[in-house]
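Engineer: Just to be clear, the model below is a prediction. Sequence and coordinates:
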Amino acid sequence: MTFQTPRPGILPAQSIETLIATGAITSDTPFDADQVQPASLDLRLSDRAWRVRASFLPGQRKVEERIADVAMHAIDITGAGVVLEKGCVYIARLQERLSLPKGLIARANPKSSTGRVDVFVRLLTDRGASFDDVDEGYDGPLYLEIAPQTFSILVRPGTRLNQLRLKAGEPPKLETRSVGVDLQGGEIVGFRGRRHAGVVDLDHIDGHDPRDFWEPLSLRRGELLLDPGEFYILASSDDVEIPVDQAAEMTPIDPSVGEFRVHYAGFFDPGFGTDEAHGAGSKGVLEVRTHDTPFLLEHRQIVARLVYEPLTERPSRLYGESGSHYQSQGLKLSKHFRPW
């Protein structure tokens, strides 16, 4: 079967719902009512996971065949859930399964809330040659590599850590915009994660005191020094707007621009930051982790790129129309924390 679309592009919500209705996307349990986003599908943890001693790509093998070589122990995440410790690597099977028709590929990214608590996640498929990318015609289960970096996290079956975007054909890159960092937005210009904080319950919204997990940052001499191995939340210097017939992905920094990584969670849905979706003035929140060398950031310094692509058609709903924690955001921590 070939999936028919009006033009090459990213599939909107109504097309994703068609794939679910026709069995191209299935799940162990019924889909949640809010699982389909304007241009992506949230993926959910199942009850099966493993603590592994190393990350891996399956190559020519199935994921669970490869897990047998690196697993330290299996994990049951039923009931009240389980704590995944920072500094450890886990593989979890997801509830969703794909049977992609001809003409469709998929790409995964962490959800915004996942990136903002410094949890590094990557999608795995059987016989997959790369992380996060799903080839045309893939028929099989989905797995997630989970590596908490700053905070240990509590997860359960159904916890959503990443999202899937589906593409038909080869959509053109409509525009690439440079993203600068805002270091003059107010008395607090960013936050740095505390090294010895408690556990973040990823299903407990507004349930954590941010002072227990974050240190506020102020500017000195017009610049911010990033320390190696630390994790920062910063904001973009300019507003971000995603037209209603487009979607965007924020790509990692070019190493020639700086020795740090920006934005684990890269998907921006149609309507983000637009007047039509009541989101004018929205900033892009940047998750920043330095590498081995201290680095000085200046106001409006370019730290990332935002790449725009078309949708196959206008989505049936826009980002934030049903409520969002991040529409009209400025400098903002993840939804798990109460306001500063």
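Structural biologist: That came through fine. Numbering: from 1, shown residues only.

Engineer: For Lys86, give its distance to Arg160.
Structural biologist: 20 Å (Cβ to Cβ, to the nearest Å). Where you see a C-beta, it was placed from the backbone N, CA and C, and this is true even at glycine.

Engineer: now Leu217
Structural biologist: As judged by Cβ to Cβ, Leu217 and Arg160 stand 29 Å apart.

Engineer: Name the residue in the two with the higher neighbour count.
Structural biologist: Neighbour totals were compared for Leu217 and Arg160, and Arg160 leads with 20 against 17 (other Cβ atoms under 10 Å).

Engineer: Quickly list what the more buried one is bridged to.
Structural biologist: Counting by DSSP bridges, Arg160 forms beta bridges with Arg44.

Engineer: Let me see the contact set for it.
Structural biologist: Contacts for Arg160 (Cβ atoms under 8 Å, 6 or more residues apart in numbering) come out as Gln35, Asp42, Leu43, Arg44, Leu45, Lys111.

Engineer: what's the neighbour count on the third one?
Structural biologist: Just to be clear, that refers to Leu43. By other Cβ under 10 Å, the residues close to Leu43 number 22.

Engineer: let's have the chain start at 13 instead
Structural biologist: From this message on, residue numbering opens at 13, which makes the last subject Leu55.

Engineer: which residues touch it?
Structural biologist: Contacts of Leu55 by Cβ under 8 Å, 6+ apart are Leu106, Gln107, Glu108, Ala120, Leu135, Leu154, Leu156, Arg172, Leu173, Asn174, Gln175, Leu176.

Engineer: change it to 10 Å
Structural biologist: By Cβ atoms under 10 Å, 6 or more residues apart in numbering, the contact list for Leu55 reads 39, 47, 106-108, 120, 123, 133, 135, 154, 156, 171-176.

Engineer: and if you look at the fifth one?
Structural biologist: Applying Cβ under 10 Å, 6+ apart, one finds that Leu57 lies in contact with 89, 93, 104-107, 156, 158, 167-174, 214.

Engineer: do the last one as well
Structural biologist: Contacts for Lys123 were tallied using Cβ under 10 Å, 6+ apart; they are 49, 52, 54-55, 131, 133, 172-175, 214, 276-277, 279, 346.

Engineer: Looking at the residues you listed, point me to the pair that's furthest apart.
Structural biologist: The most widely separated members of those are Gln49 and Val131, with 18.9 Å between them, by Cβ to Cβ.

Engineer: Please flag which of the contacts of Lys123 sit within helices.
Structural biologist: Among those, no residue falls in helices (DSSP state H).

Engineer: Buried by neighbour count, from these: which ones?
Structural biologist: Buried members of these, scored by 16 or more other Cβ atoms under 10 Å, are 49, 52, 54-55, 131, 133, 172-175, 214, 276-277, 279, 346.

Engineer: Narrow those residues to those in strands?
Structural biologist: Taking DSSP state E as the definition of strands, the buried ones among the contacts of Lys123 contribute Asp54, Leu55, Val131, Val133, Arg172, Leu173, Asn174, Gln175, Phe279.

Engineer: Distance-wise, check the fifth one relative to Glu77.
Structural biologist: If I follow you right, that is Arg172. Counting by Cβ to Cβ, the gap from Arg172 to Glu77 is 27 Å.

Engineer: cool, the third one as well?
Structural biologist: Computed with Cβ to Cβ, the distance linking Val131 and Glu77 is 26 Å.
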